[in-house]
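Q: got a predicted model here, sequence first, then my questions.
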Amino acid sequence: MKIKPLSDHILIEPIEKEEKTKTGILLPETAEKERPEQGKVIAVGPGKKTKDGKYIPLDIKVGQKVLFKKYGPDEIKIDDKEYLIAQEEDILAIIE
């Protein structure tokens, strides 16, 4: 299934943190997991629409890794895979 976000929305594939403590202990899957804050951009919308109908393009591009607000994006499930949809204002930084 192909998803094309609308407006200034961005489809993100979350990157899970490594489940290991600083001392090297692996945490079991039953341990409480926090929501990821990093992800890879899968698709972007055309941009924010101005009052006169023109689009302001997004600074985010497909394939970039981004840092986003922990609880800003909405969770969605497509073909048994979890994704996040965020607005451009939820993106805090591009990871280079």
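A: Nice, thanks for sending it over. Note that the coordinates shown come from a computational prediction; the quantities given were computed from them, not determined experimentally.
Q: how close does residue 92 sit to residue 81?
A: 24 Å (C-beta to C-beta, to the nearest Å). To be clear about C-beta, it is placed using only N, CA and C from the backbone, and glycine gets the same treatment.
Q: just want the most central residue of this protein.
A: With distances taken as C-alpha atoms, centre = their mean, residue 12 lies nearest the centre of the chain, 3.2 Å away.
Q: then the helix or strand encompassing that one to PDB, C-alphas only?
A: Assigned by DSSP states H and E, residue 12 falls within strand 9-14. This file holds the C-alpha atoms of strand 9-14, laid out as PDB (Å, rounded to 0.1, in the frame of the first residue of the first chain):
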ATOM      1  CA  HIS A   9       2.200  15.800   7.300                       C
ATOM      2  CA  ILE A  10       5.100  13.400   7.300                       C
ATOM      3  CA  LEU A  11       5.000   9.600   7.400                       C
ATOM      4  CA  ILE A  12       7.800   8.300   9.600                       C
ATOM      5  CA  GLU A  13       9.100   4.800  10.300                       C
ATOM      6  CA  PRO A  14      10.100   4.800  14.000                       C
END
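Q: that one pairs with which strands?
A: Strand 9-14 pairs in its sheet with strand 38-44 (antiparallel), strand 81-87 (antiparallel), by DSSP bridges.
Q: what's the last one in contact with?
A: I take that to be strand 81-87. 3, 5, 7-14, 39, 42, 68-69, 72-77 (C-beta atoms under 8 Å, 6 or more residues apart in numbering).
Q: which one's more surrounded, residue 92 and residue 81?
A: residue 92 (12 against 8; other C-beta atoms under 10 Å).
Q: flag the shaky bits of this protein, pLDDT-wise.
A: Residue ranges of the chain with pLDDT under 70: 17-22, 24-36.
Q: please redo it, this time with the cut-off set to 80
A: By pLDDT under 80, the low-scoring segments of the chain are 1, 16-36.
Q: which parts of it are strands?
A: For the chain, the strands defined by DSSP state E occupy 9-14, 38-44, 48-49, 55-56, 65-68, 74-78, 81-87, 91-95.
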